[in-house]
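Participant: Everything below, folded, please.
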Amino acid sequence: MGCPRVGAVDGVAELAACYAEPPDGVRANMIFSADGAAAFGGRAGPLSCPTDQRLLRTLRAFADVVLVGAGTARAENYGPVRLTEAQRAGRHAEGRPDPPPVAVVSRSGDLPSRLLDEPDRPPILLTCARSAARLHHDRRLRVLVAGEDSVDVTRALDLLREQGMRRILCEGGPTLLDELVEADALAEFCVTLAPSLAASQPVGRRLPSRLPAPVAMRLEHALVREGYLYLKYRR
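Facilitator: The predicted structure is shown next:
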């Protein structure tokens, strides 16, 4: 199935085909309101729609690991990744584990309990050395240490790659996205623009950017379904 660069798409299958070649690196996927809010009432869910949710699950099926900040994981009550039978079959045909684990960036190690519900599928905790000492004994977690007093996202990505997880899907939130952009780590950015206004919705602890200039991206497609605009940018 071909992928149009611009225009309306008839359904989720046509839309999903436009994301079927994930980069070898970090692909970020986030939703924003038309006036630029990344959440409403602390969550991205109120901005979303069924098509956007199905696209999120599709992107997860293409990934080796789902990366998320701890605040987003708690706000959205993350649990282990669920895949359809077709997605499982596709991954097994490619010789990849099924399904991808969730990796949470957190200094505190405070994760939603749903992520710990399946002992045979422990989440990955990307944390700093200061916090790791009290968390290493927790067998419900795979703890990876990236940095001394705070989490070094560049080192965190290197650790995931060393474990064979090269297709990294970041689902936010905005603070983690800022850190990845400043680390020059994004290969692709998938944006869903919701046909809604949210006004001021502060999320995370965002600091002024240290970038000397905006990072240039190439627009790959701009697709519309039921009023939502789906954009994909690549380096």
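Participant: you'd agree residue 52 is in a helix?
Facilitator: Yes. Under DSSP: H, G, I helix; E, B strand; the rest coil, residue 52 falls within a helix.
Participant: ok, now how distant is residue 7 from residue 222?
Facilitator: 8 Å (C-beta to C-beta, to the nearest Å). In this view, the C-beta of every residue, glycine as well, is placed from N, C-alpha and C.
Participant: In terms of neighbours, single out the busier of these two.
Facilitator: residue 222 (16 against 9; other C-beta atoms under 10 Å).
Participant: ok, the more buried one - contacts?
Facilitator: Going by C-beta atoms under 8 Å, 6 or more residues apart in numbering, residue 222 touches 5, 6, 229, 230, 231.
Participant: Among those, which one has the most neighbours?
Facilitator: Result: residue 230 is most packed of the contacts of residue 222 (other C-beta under 10 Å), 21 neighbours.
Participant: That one bridge partners, please.
Facilitator: residue 192, residue 223 (DSSP bridges).
Participant: Show the pLDDT at it.
Facilitator: Residue 230 carries a pLDDT value of 98.
Participant: What of residue 137?
Facilitator: Here, the pLDDT recorded for residue 137 equals 69.
Participant: Checking my notes, residue 176 in a strand, right?
Facilitator: No. Assignment of residue 176 by three-state DSSP gives helix, placing it outside any strand.
Participant: Show me what the helix or strand bottoming out on mean pLDDT in the chain is packed against.
Facilitator: Ranked by mean pLDDT, DSSP states H and E, the weakest helix or strand in the chain is helix 129-132, scoring a mean of 86. Judged by 3 or more C-beta pairs under 8 Å, 6 or more residues apart in numbering; DSSP states H and E, helix 129-132 is in contact with strand 142-145.
Participant: Just the strands from this structure, written as ranges.
Facilitator: Under the criterion DSSP state E, the chain carries strands at the ranges 6-8, 26-33, 65-69, 102-105, 124-127, 142-145, 168-170, 186-194, 218-225, 228-234.
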